[in-house]
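Peer 1: Sequence isn't available, so here's the structure alone:
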């Protein structure tokens, strides 16, 4: 069976807009593989603000290797904290 990666990304985008966590995570991973760090971080930041703990760790690791800013990491932590307190 042939895989249509562009079609998959299109469906993941639609699902992510509707709040599907795994689709948003998939999009973030795709952007990492493409080398689009800023776009990937935006996906993971949105996930952190949805209460997705693994995304905070991804942003933390990106910060530790110089791919994310201190402000991005702080925003992820604060967004995650707010989400889990609700």
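Peer 2: Perfect, I can see it now. All figures in this text were calculated on a predicted structure; none of them were measured in a lab. Numbering: from 1, shown residues only.
Peer 1: same for the longest helix anywhere in the chain, what does it pack against?
Peer 2: Secondary structure of the chain per DSSP state H: the longest helix is helix 70-85. With contacts defined as 3 or more CB pairs under 8 Å, 6 or more residues apart in numbering; DSSP states H and E, the packing partners of helix 70-85 are helix 37-49, helix 53-64. C-betas here are computed from N, CA, C, even on glycine.
Peer 1: for these, which one sits closest to residue 27?
Peer 2: Minimum separation from residue 27 across the helices and strands packed on helix 70-85 (CB to CB) falls at helix 37-49, 5.1 Å.
Peer 1: orientation of the closest one relative to helix 70-85 in degrees?
Peer 2: Angle of helix 37-49 versus helix 70-85, following axes from the mean of the first three to the mean of the last three CA atoms, to 10 degrees, is 30 degrees.
Peer 1: by contact count, what packs against helix 37-49?
Peer 2: Helix 37-49 is packed against helix 21-34, helix 53-64, helix 70-85, with contacts defined by 3+ CB pairs under 8 Å, 6+ apart.
Peer 1: need these in a markdown table with distance to residue 15, can you?
Peer 2: Output for the helices and strands packed on helix 37-49, formatted as a markdown table (distance: least, CB to CB, whole Å):
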| stretch | distance to residue 15 |
| --- | --- |
| helix 21-34 | 4 |
| helix 53-64 | 16 |
| helix 70-85 | 19 |
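Peer 1: Let me have those helices in CSV, adding distance to residue 45, mean pLDDT and mean neighbour count as columns.
Peer 2: Output for the helices and strands packed on helix 37-49, formatted as CSV (distance: least, CB to CB, whole Å; pLDDT from 0 to 100; neighbours: other CB atoms under 10 Å):
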stretch, distance to residue 45, mean pLDDT, mean neighbour count
helix 21-34, 9, 95, 17
helix 53-64, 7, 97, 17
helix 70-85, 6, 97, 15
